[in-house]
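Enquirer: Below: sequence and its predicted model.
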2 protein chains.
Amino acid sequence: MASLGQNLYKADLREFAFVLFEQFRLGEILGAAPYESWAEDDVRMVLSECYKFVCEVIGPLNRSGDEEGCHMEGGRAITPKGFKEAFDKLYEAGWKSLGVGHEYDGQGAPRAVTLVAEEMLSGANPAFNMYPGLCVGVGELLETFGTPEQKELYLPRLYKGQWGGTMCLTEPQAGSDVGAARTKATRNADGSYNIEGTKIFITGGDHDITPTIIHLVLARVEGAPAGTKGLSLFIVPSVRVNADGSLGEPNDVVLGGLEHKMGIKGSTTCVLNFGENGGCKGYVVGGVENAGMAQMFKMMNTARIAVGIQGLATASAAYLNALVYARERKQGPSIKKFKDPTAPKVPILEHADVRRMLLDMKARVEGIRALAVKLAMHQDLAQIHAGKDDALAAEHNGQVEILTPMLKAYASDQGFRVCENAIQTLGGAGYISDYGMEQYCRDAKIFSIYEGTNHIQAMDLVSRKLALRGGADLKKFLGDVGTFAKRNAEHPVLGGAAQQLALAQKAVGGAVAAMMGWTQEGKIELVPLYANRFLEMMAETTVGWLLLEAASIAHDRLGALGRQHPDAAFYQGKISSAVYFALNVLPAVAGRAQIMSGGDDAALTIPDAGFAAI
Amino acid sequence: MASLGQNLYKADLREFAFVLFEQFRLGEILGAAPYESWAEDDVRMVLSECYKFVCEVIGPLNRSGDEEGCHMEGGRAITPKGFKEAFDKLYEAGWKSLGVGHEYDGQGAPRAVTLVAEEMLSGANPAFNMYPGLCVGVGELLETFGTPEQKELYLPRLYKGQWGGTMCLTEPQAGSDVGAARTKATRNADGSYNIEGTKIFITGGDHDITPTIIHLVLARVEGAPAGTKGLSLFIVPSVRVNADGSLGEPNDVVLGGLEHKMGIKGSTTCVLNFGENGGCKGYVVGGVENAGMAQMFKMMNTARIAVGIQGLATASAAYLNALVYARERKQGPSIKKFKDPTAPKVPILEHADVRRMLLDMKARVEGIRALAVKLAMHQDLAQIHAGKDDALAAEHNGQVEILTPMLKAYASDQGFRVCENAIQTLGGAGYISDYGMEQYCRDAKIFSIYEGTNHIQAMDLVSRKLALRGGADLKKFLGDVGTFAKRNAEHPVLGGAAQQLALAQKAVGGAVAAMMGWTQEGKIELVPLYANRFLEMMAETTVGWLLLEAASIAHDRLGALGRQHPDAAFYQGKISSAVYFALNVLPAVAGRAQIMSGGDDAALTIPDAGFAAI
């Protein structure tokens, strides 16, 4: 059994294998184009080796990175001890090129596999994993939108971690309101642009890990339209790069300061001043102006999924550590002997309230993981069918669109909640730094904020995603859930749970109708007021569905293998997660639909001065 | 209007006056024994002067105390810069003797007044306020249980902050299971005891603020029974005190270490080794052995209320700061102009989701404050009626018993939730240290853990408090709520909300019946499994009730004063809080009762090995 130690990170490889192969039948797409080079054994080996790597190399830097944090020296950002070396080892080992295409020396793994590996990389050290994560993100954006020359120059180096990357959206006066960006771009005769402006909250905006950093900067070319439509995206290296890939002069990108944060302290969060001295050159992505927002969304969607994985990863690590603690820590007698002061002390895992917290954490972690892998499988299937059956590919892409804001928002909100419960499971030990739970909780709080706050996710879901393709994607989603619930309503073990799922599915449909009604009745302000609640309802329905799907598979396997099989407890645990979630969490979905139907608007009608007399 | 600044602390004096005088009619008990020296103007002056004091003296040390933290020097704990001076000023100003009796040079204020002052002291600097808080706590315990000599020696000095205090319960092997304590006491010929053992997580266990610290140590006299029944409580000064109050030799209490924590970093959390060198003397409280647990409960009940106030105070400070930020920060256009990129930017207070978060915070903060003041008023009324109408006094004490675990657990859980929402309201600015929201959140996490975890509070409520006096206190409580709900069911503005309250009240009654059924059917393990949920249901019903009570008063005042009155917005805000809570939070109370009636036991039946395959 696992134990607490210097590297706290823990993963359950049996669970990964279940989700990938038993629940989502990854095996069926391995061996087929574009995944012809992959077999089931390769995936299993990748996962176990990646787990070994993160435990040995980056996990041990998680707490030390938090304690040391980042600092400035001579105007440059310095990362915690060991980060640079771990970064190099990461690229040597190839874990960041899993999902990169063969044409760039990557391994072309399915998204579902990359996602699980990313869960381990993030879970072992969320602050560290953002540096390489941004290299991939910038690379993928340029692979999609860059000119051939841009691809040739930047991609190989980004994908190999030779150059760093960032996305520079936020400005002091423009946070969630990206369209208010004021950073200016001025055309030069040679086709380059002069960039001038200040960006804040830039993750990895400066560091000592790579010799240059490829910033992707949203800026407005003089004369461009106001708002997001007039934004262009620029490639702005911190140190200029020559056409042959060698490095030139510094590019007048000045580190204005590092933020002190609640968590992810090993990750630099920077104020960047571009062109303070008039010497900052940028290159417009794809050679096209005013396409910046659409281009950035490519990276942002990937980043939103990545944030969902961060939430999942942190929550899973916190859960498994709390579980290990609960097995080892003896405290108090069994409740059956609570009147006997001489009764033996039992592991706190035996106490009902500890079991409740652990099962709650387990169900949320597994359900969110299933949601994430489901999303990745849709990406893979879209990839497989692209160019062969475009309608089917579009259907899969539609599900990706719907699941992305749910994954980002629900995994980040609930990830934080799981970390909070992990602290509570440990009691006083959870609040002190020694056991690492409080760091998970501090790290996790940012996930609901960056890459679009969770309200932005909720608005993306209700005002954009639900209406995509005339509502076909939503209809498909609700149909899949409804069909499953109906088929299992009389299931001998899961029947009651499936009936709760049916009620939740119906409630989500009702809530959609309520929101459409508001829009038609001119009560449009009720939509943002209830959007977060709606997203949560829909995400919980999804999680309940996928947990039940897993449970029904586990039930069948249990029946086939028998209760003496070594996997029996694992399968039983899957059933417990699903039943717990369906009977304890899903009923509130219908409850919230009921609340929504009332359309209370107290938050809108309260006078501004009524919030407080200060 | 208030603004962000070096001292972040903010309080709403209008709200304090409303709760004390309009909702709970404090005026009716002022002037009567034992509060004959108090008039309404005195209370108002105390509150405004106390607010001034905390803003000037201890509020500015909140962030610096967090950043500097505590450290060890030469085996002693050193508190952050300024703490010692602020402590002295606090006692000069008299804010810690508000509730102390006249016989000890205190001001004999009603508990309700002390409570509001404590909210300000805690809210301005929760870490700092624990040092003086413990002086009062130890003093009150000795005032109740000490021998005349003990009172004479210790009380004046504790109440004046000349000596510090602690409560020493937890041991490495005995956290929540206090009865497993191993610290030993051996009788000496002179009536003193030799103390030997290790205590952990001792708040204020060492510091540089007072020259001696009066530890109250739970220990077992040799030969005493096992469990809590064999525990005695000892007075153990860190530096010995002579009969005349002068200080003698060190008492062999050695600081073993300081914990590094998520928050409350300005407060020392100590490992203490008693009698490592055989030289630690203690004196049994009241001269009675084996009464330690009952004695400690006196202090613990006060401490639990104090923790509830900490949760309230931190949440209130976070809320008011988030509100000020939302008024000042401009971001994005009004939703009514969301398609116009040239539309003017509006304060984020105008955005629906920000209003939702703020009103949610406001309702919880005000509701918990009402619960706390209600509890204090019951204490005051019990005090007033004691010896005159003992049945009435007992009735008030019964309500104190019921409300205490609800205040401690609900205020701490929801206080954390409010701080989380305060971070989210600020977005990225909430996650960085500059705005203080992340510190509130870190500080607040301990409240659900110390002074009895929230599960211990829930078990105290369901297994002890509900059954007190044959269930009479519960009956009185439910009767009060039910009567109010019934009386207001047809209220022109609050009728729908009152109907939700009636449903919640009924649901709480049903949940009590369900738990009694489990006990009778031998399903006793379901009680701890659902205890936390039950406490939350009952606390939300209480909060909903008291918010509606406030709203009905506000509604009447609005009617009398008219909407042009300067207080009109304030009163309207009270109505909004109550309606929001009743329509958005209370419906889930009945939902949870429904869940409880199902009695799902997945968390109990999941095999231990089913939690994970690690």
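Expert: It's in.

Enquirer: Let me see the contact set for the nearest residue in space to residue A:161 that is not next to it in sequence.
Expert: Leaving aside its chain neighbours, residue A:161 sits nearest to residue A:91 (4.0 Å; criterion: C-beta to C-beta, 6 or more residues apart in numbering or on different chains). The C-beta positions use only the backbone N, C-alpha and C, and glycine is treated the same way. The neighbours of residue A:91, taking C-beta atoms under 8 Å, 6 or more residues apart in numbering or on different chains as the test, are A:97, A:132, A:160, A:161.

Enquirer: Against chain B, how distant is the residue lying closest to the third one once chain neighbours are set aside?
Expert: Leaving aside its sequence neighbours, residue A:160 sits nearest to residue A:91 (C-beta to C-beta, 6+ apart; 6.1 Å). Spatial separation of residue A:91 from chain B under the definition C-beta to the nearest C-beta, to the nearest Å is 28 Å.

Enquirer: Residue A:91 sits in which helix or strand?
Expert: In this structure, residue A:91 sits in helix A:83-93 according to DSSP states H and E.

Enquirer: And the next helix or strand after that helix, what's buried?
Expert: Later in the chain than helix A:83-93, the nearest helix or strand by DSSP H and E is helix A:111-124. By 16 or more other C-beta atoms under 10 Å in any protein chain shown, the buried positions in helix A:111-124 come out as A:111-124.

Enquirer: so where do the strands sit in the stretch 151-300 of chain A?
Expert: Secondary structure of the stretch 151-300 of chain A, counting by DSSP state E, counting those that start in this stretch: strands at A:164-168, A:184-187, A:193-203, A:213-221, A:231-237, A:239-241, A:247-250, A:253-258, A:269-274, A:281-284.

Enquirer: Packing partners of the second one?
Expert: To tie it back to what came earlier, the one meant is strand A:184-187. strand A:193-203, strand A:213-221 (3 or more C-beta pairs under 8 Å, 6 or more residues apart in numbering or on different chains; DSSP states H and E).

Enquirer: what's the closest of those strands to chain B?
Expert: strand A:193-203 (4.8 Å; C-beta to the nearest C-beta).

Enquirer: In CSV: the buried residues of helix A:111-124, plus distance to residue A:232.
Expert: Output for the buried residues of helix A:111-124, formatted as CSV (distance: C-beta to C-beta, whole Å):
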residue, distance to residue A:232
A:111, 29
A:112, 34
A:113, 35
A:114, 30
A:115, 31
A:116, 36
A:117, 34
A:118, 30
A:119, 34
A:120, 37
A:121, 32
A:122, 31
A:123, 36
A:124, 37
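
Enquirer: just these that are near chain B?
Expert: When the buried residues of helix A:111-124 are checked against chain B using C-beta under 8 Å from any C-beta of the partner chain, none falls in range.

Enquirer: which among those gets closest to residue A:351?
Expert: For the buried residues of helix A:111-124, the residue nearest residue A:351 by C-beta to C-beta is residue A:123; the value is 26.5 Å.

Enquirer: that older thread, so for residue B:268, which of the strands of the stretch 151-300 of chain A sits nearest?
Expert: By C-beta to C-beta (comparing all of the strands of the stretch 151-300 of chain A), the closest turns out to be strand A:253-258, at 29.4 Å.

Enquirer: Pairing partners for that closest one, with directions?
Expert: strand A:269-274 (antiparallel) (DSSP bridges).

Enquirer: Could you tell me the angle between the strand it pairs with and strand A:213-221?
Expert: Going by axes from the mean of the first three to the mean of the last three C-alpha atoms, to 10 degrees, strand A:269-274 is angled at 60 degrees with respect to strand A:213-221.

Enquirer: can you list the residues that contact strand A:269-274?
Expert: Taking C-beta under 8 Å, 6+ apart as the rule, strand A:269-274 contacts A:77, A:168, A:183, A:195-206, A:215, A:217, A:236, A:252-259, A:261, A:280, B:432.

Enquirer: one step back: mind putting the strands of the stretch 151-300 of chain A into TSV with mean neighbour count and mean pLDDT?
Expert: Formatted as TSV, the strands of the stretch 151-300 of chain A follow (neighbours: other C-beta atoms under 10 Å in any protein chain shown; pLDDT from 0 to 100):
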stretch	mean neighbour count	mean pLDDT
strand A:164-168	27	97
strand A:184-187	19	97
strand A:193-203	23	97
strand A:213-221	26	98
strand A:231-237	27	98
strand A:239-241	18	98
strand A:247-250	12	98
strand A:253-258	19	98
strand A:269-274	24	98
strand A:281-284	24	98
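
Enquirer: hmm, back to that, distance to chain B added to the helices and strands packed on strand A:184-187, as CSV?
Expert: Output for those, formatted as CSV (distance: least, C-beta to the nearest C-beta, whole Å):
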stretch, distance to chain B
strand A:193-203, 5
strand A:213-221, 11
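
Enquirer: Quick check, central residue of chain A?
Expert: In chain A, the C-alpha closest to the average C-alpha coordinate belongs to residue A:308, at a distance of 1.8 Å (C-alpha atoms, centre = their mean).

Enquirer: Could you list every helix and strand in contact with the strand or helix carrying it?
Expert: Using DSSP H and E, residue A:308 maps to helix A:292-328. Using 3+ C-beta pairs under 8 Å, 6+ apart, the elements in contact with helix A:292-328 are helix A:111-124, helix A:126-145, strand A:164-168, strand A:213-221, strand A:231-237, helix A:352-385, helix A:390-426, helix A:437-444.

Enquirer: Return the angle between stretch directions for it and strand A:231-237.
Expert: 70 degrees.

Enquirer: what distance separates helix A:292-328 from the middle of the whole chain?
Expert: Helix A:292-328 sits 4 Å away from the centroid of its parent chain (C-alpha atoms, centre = their mean, to the nearest Å).

Enquirer: just stretch A:78-92 next, same as before
Expert: Chain-centre distance of stretch A:78-92: 22 Å, with C-alpha atoms, centre = their mean.

Enquirer: In it, which residues are buried?
Expert: Within stretch A:78-92, the residues that count as buried by 16+ other C-beta under 10 Å are A:78, A:79, A:80, A:82, A:83, A:84, A:86, A:87, A:90, A:91.

Enquirer: okay, that stretch in CSV with CA atoms only?
Expert: Output of stretch A:78-92 as CSV, limited to C-alpha atoms (Å, rounded to 0.1, in the frame of the first residue of the first chain):
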residue,chain,number,x,y,z
ILE,A,78,14.1,32.7,-11.3
THR,A,79,12.2,29.5,-10.8
PRO,A,80,12.6,27.1,-7.8
LYS,A,81,15.6,24.9,-7.5
GLY,A,82,15.5,21.8,-9.7
PHE,A,83,12.8,23.1,-12.1
LYS,A,84,15.2,23.6,-15.0
GLU,A,85,16.7,20.2,-14.6
ALA,A,86,13.3,18.5,-14.3
PHE,A,87,12.2,20.3,-17.4
ASP,A,88,15.1,19.0,-19.4
LYS,A,89,14.5,15.4,-18.1
LEU,A,90,10.8,15.7,-19.0
TYR,A,91,11.7,16.4,-22.6
GLU,A,92,14.4,13.8,-22.7
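
Enquirer: Kindly provide the whole-number mean pLDDT of it.
Expert: Averaged over stretch A:78-92, pLDDT sits at 98.

Enquirer: just stretch A:25-42 next, same as before
Expert: Here stretch A:25-42 scores 95 as its mean pLDDT.

Enquirer: before we move on, what about stretch A:318-327?
Expert: 98.

Enquirer: So residue A:98 versus chain B, what's the distance?
Expert: According to C-beta to the nearest C-beta, residue A:98 and chain B sit 23 Å apart.

Enquirer: thinking again about what came up before, what would the buried residues of helix A:111-124 look like in CSV with pLDDT and distance to residue B:336?
Expert: Below are the buried residues of helix A:111-124 laid out as CSV (pLDDT from 0 to 100; distance: C-beta to C-beta, whole Å):
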residue, pLDDT, distance to residue B:336
A:111, 97, 40
A:112, 98, 43
A:113, 98, 46
A:114, 98, 43
A:115, 98, 40
A:116, 98, 45
A:117, 98, 46
A:118, 98, 41
A:119, 98, 42
A:120, 98, 46
A:121, 98, 44
A:122, 98, 40
A:123, 98, 43
A:124, 98, 47
